[in-house]
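J.: Structure, please.
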Amino acid sequence: MKKIELRIVALSHSVSQSNNYAVVLGEMVGLRRIPIVIGSFEAQAIAVAMEKMTPNRPLTHDLFKQTLEAFKVEIKEIIINNLLDGIFYARLICEREGEIIELDSRTSDAIALAVRFQCPIFTYEFILDTAGVELDESTQTDIEEESDDEMEATPGKNKQSSLSTYSLESLQNMLLQVLEEENYEKAATIRDEIDKRKRDLD
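T.: Got it, this is the predicted structure:
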């Protein structure tokens, strides 16, 4: 079957299921989108990697990546290869010394690893036909603009206007403190405020 490459379009709260999140994947070429409901832990794992944050201790997906690399295993791509009863299934396509190894995976874990290995995400036409939502070009433009912020946001993060009262130096000290506490949601909020201040200075 022909593989269709996807990219992460957005990561946000799930509208249909409170306490959960949704990662939205879209065609690299085309307007179809696949929303996939994932748990908060998996959403945070994806967001931390997307934001290139470095936890004091490795998250589970970071540890798994380090383990694979120690044994010279590289994830070349992930494939969302099936959809049964509303549940997506995925496979990790790995390579070790020229040998291809395929591993079953939860889709959320596969996406979290794809971000870390910077490898492509694929699916098949029948999955897009079944679960895909096609957007018109005007809706697509709106989503692209809105997702710029969502792609940089850790799940569960609320913009805190109170941060605007702190100096840049205070924010940087606060960022170090919350990273030590492994509070990555708050760290992402503070980091976004710091980035905003730096952009305003440029």
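J.: Enumerate the positions of the helix or strand containing Ile78 that are buried.
T.: Element membership for Ile78, per DSSP states H and E: strand 74-84. Within strand 74-84, the residues that count as buried by 16 or more other CB atoms under 10 Å are Ile75, Glu77, Ile78, Ile79, Ile80, Asn81, Leu83. Where C-beta positions appear, they are placed from N, C-alpha and C, glycine not excepted.
J.: List of residues touching it?
T.: 3, 6, 25, 34, 68, 88-96, 100, 105, 107, 110-111, 113-114, 117, 119-124, 127, 130-131 (CB atoms under 8 Å, 6 or more residues apart in numbering).
J.: These in strands, which ones?
T.: Within the contacts of strand 74-84, residues falling in strands by DSSP state E are 3, 6, 25, 34, 88-96, 100, 105, 121-124.
J.: quick one: average pLDDT of stretch 133-145?
T.: Regarding stretch 133-145, the rounded mean pLDDT is 57.
J.: any idea of the pLDDT on the nearest residue in space to Pro120 that is not next to it in sequence?
T.: With sequence-adjacent residues excluded and distances taken as CB to CB, 6 or more residues apart in numbering, Pro120 is closest to Glu77, at 4.9 Å. In this prediction, Glu77 carries a pLDDT score of 98.
J.: swap in Pro155?
T.: pLDDT recorded at Pro155 is 46.
J.: Same question for the one 10 residues further on.
T.: Confidence at Thr165, expressed as pLDDT, is 75.
J.: Perfect, I'm done here.
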